[in-house]
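> I would like to see how this sequence folds:
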Amino acid sequence: QVQLVESGGGLVQPGGSLRLYCAASGSIFSSATMGWYRQAPGKQRELVATITSSHRTSYADSVKGRFTISRDNAKNTVYLQMNSLKPEETAVYYCNLRYSSTWSTQNYWGQGTQVTVSS
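Okay, here's the model as predicted:
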């Protein structure tokens, strides 16, 4: 069983920065694709960024050049560095772990961390 615990959210002014953390339990972290998603009030959850086990990254167009996803397999942790934050990026940010084997795909979510961008 995998547990994901996010932290690092909070209140930040427009144009500011935050670094989110997601710590994972279990032994499959290094082989899994990790992702950050966000969900604003009244909106669907959307993909922000992903990083594969080989450290290949991808980003939503809206965050390219401002957000950076990274991982430390020794610490079972994935990070999301967010710069130049905008008010419309206020949302609950969720960590996701996806692990695929020959037989199945496992998908896990954290409980989320609130990010509020406001002056």
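> so how far is residue 71 from the nearest residue to residue 31 once chain neighbours are set aside?
Nearest non-adjacent residue to residue 31, counting by Cβ to Cβ, 6 or more residues apart in numbering: residue 53, 5.2 Å away. For the C-beta atoms, the positions are set from N, CA and C on the backbone; glycine is no exception. Between residue 53 and residue 71 the computed distance is 9 Å (Cβ to Cβ, to the nearest Å).
> cool, residue 45 as well?
Noted for residue 45: a distance of 21 Å to residue 71, by Cβ to Cβ.
> and the strands in this structure?
4-7, 10-12, 18-24, 33-39, 46-51, 57-59, 67-72, 77-82, 91-100, 105-109, 113-117 (DSSP state E).
> can you redo these as TSV with mean pLDDT?
Formatted as TSV, those follow (pLDDT from 0 to 100):
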stretch	mean pLDDT
strand 4-7	97
strand 10-12	98
strand 18-24	98
strand 33-39	98
strand 46-51	98
strand 57-59	98
strand 67-72	98
strand 77-82	98
strand 91-100	97
strand 105-109	95
strand 113-117	98
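> I'd like these as CSV, with mean neighbour count appended.
Shown next, in CSV, are the strands of the chain (neighbours: other Cβ atoms under 10 Å):
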stretch, mean neighbour count
strand 4-7, 18
strand 10-12, 14
strand 18-24, 20
strand 33-39, 21
strand 46-51, 19
strand 57-59, 15
strand 67-72, 18
strand 77-82, 22
strand 91-100, 20
strand 105-109, 13
strand 113-117, 18
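> give me the pLDDT for residue 26.
Looking at residue 26, its pLDDT stands at 86.
> wait, it touches residue 4, no?
No - Residue 26 is beyond contact range of residue 4, at 9.4 Å (criterion: Cβ atoms under 8 Å).
> can you list contacts of stretch 4-23?
24-25, 34, 36, 75-87, 93-97, 108-119 (Cβ atoms under 8 Å, 6 or more residues apart in numbering).
> the same query, at a cut-off of 7 Å, please.
Contact with stretch 4-23 is made by 24, 36, 76-87, 93, 95, 97, 108-119, as judged by Cβ atoms under 7 Å, 6 or more residues apart in numbering.
> ends of it, what's the gap?
Separation of the first and last residues of stretch 4-23 by Cα to Cα, to the nearest Å is 6 Å.
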